[in-house]
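A.B. asks: here is my input; please provide its structure:
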Amino acid sequence: MALADAILVCLAEKPMTGYELARSFDASIGFFWRADHQQIYRELARLRERGHAVPQEVPQAGKPDKLVYTITPEGRAALLAWSRTASESPTIKDDLLVRLYALEHVDPAALRAQVGERKEYHRARLARFAEILDKVFPGPATSPHDVGRRLGLSLGLRYERMWVDWCDEALKALPREASRAAPGVGKKKGGGGRA
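C.D. replies: Got it, this is the predicted structure:
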């Protein structure tokens, strides 16, 4: 999936400014597809060039005019075409897992702290997803709009819960200090030894 597709998904819901899109990413799609504000603005310009989104200048009292982007029929066709392409399975790229792979060569105390930080990160996201689910979808989902979002939140909850559980398991299993057999762990760099 390209960032353009994620932006078209948002614009299909309602017209938005670049700022509103960035906020929408921060509060919804951003849980599943990350993009910073500058990337969003650059991609909006590309969508405009392709004719997939058109801006309308809206005057504001005492402020610069704002551009509100609307998806075009060509943009909706592109979104439909994208929905028919095969979905790619995500790849894992996580330095924490690489550090675990090299456990005998790393500082176990630092690694335990990093796993603890990761647990707090995922615990906070789990709480956020649960809050959204309770507030936005207190009852059963009925419309396609609600079904899609509820299913996404449900997977998000499971994913975050899995991470929290895994972090607990890792913290129980990880050593608290370096093994004596692990050369260099905990030693200061430089000094000592031959040149």
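A.B. asks: for Cys167, see how far away the residue lying closest to Leu171 once chain neighbours are set aside is.
C.D. replies: Spatial nearest neighbour of Leu171, chain neighbours left out: Val115 (5.7 Å); criterion: CB to CB, 6 or more residues apart in numbering. From N, CA and C alone the C-beta is placed, and that goes for glycine too. Separation of Val115 from Cys167 (CB to CB, to the nearest Å): 5 Å.
A.B. asks: cool, and Leu111?
C.D. replies: Using CB to CB, one obtains 12 Å as the distance from Leu111 to Cys167.
A.B. asks: and Gly156, by the same measure?
C.D. replies: With distances defined as CB to CB, the gap from Gly156 to Cys167 amounts to 17 Å.
A.B. asks: now do the helices in the protein.
C.D. replies: Shown for the chain, the helices assigned by DSSP state H span residues 3-13, 18-27, 37-50, 73-83, 95-101, 108-136, 144-173.
A.B. asks: how is the chain carved up into domains?
C.D. replies: Listed by automatic domain parsing, the domain ranges of the chain are 3-83, 95-173.
A.B. asks: tell me where the chain is predicted with low confidence.
C.D. replies: Regions of the chain meeting the criterion pLDDT under 70 cover residues 1, 30, 178-195.
A.B. asks: highest mean neighbour count out of the helices of the chain?
C.D. replies: For the helices of the chain, ranked by mean neighbour count under the definition mean count of other CB atoms under 10 Å, the leader is helix 3-13 at a mean of 19.
A.B. asks: which residues sit in contact with the spatially closest residue to His122 that is not a sequence neighbour?
C.D. replies: Using CB to CB, 6+ apart and skipping residues adjacent in sequence, the residue nearest His122 is Trp163, 3.8 Å away. By CB atoms under 8 Å, 6 or more residues apart in numbering, the contact list for Trp163 reads 118-119, 122.
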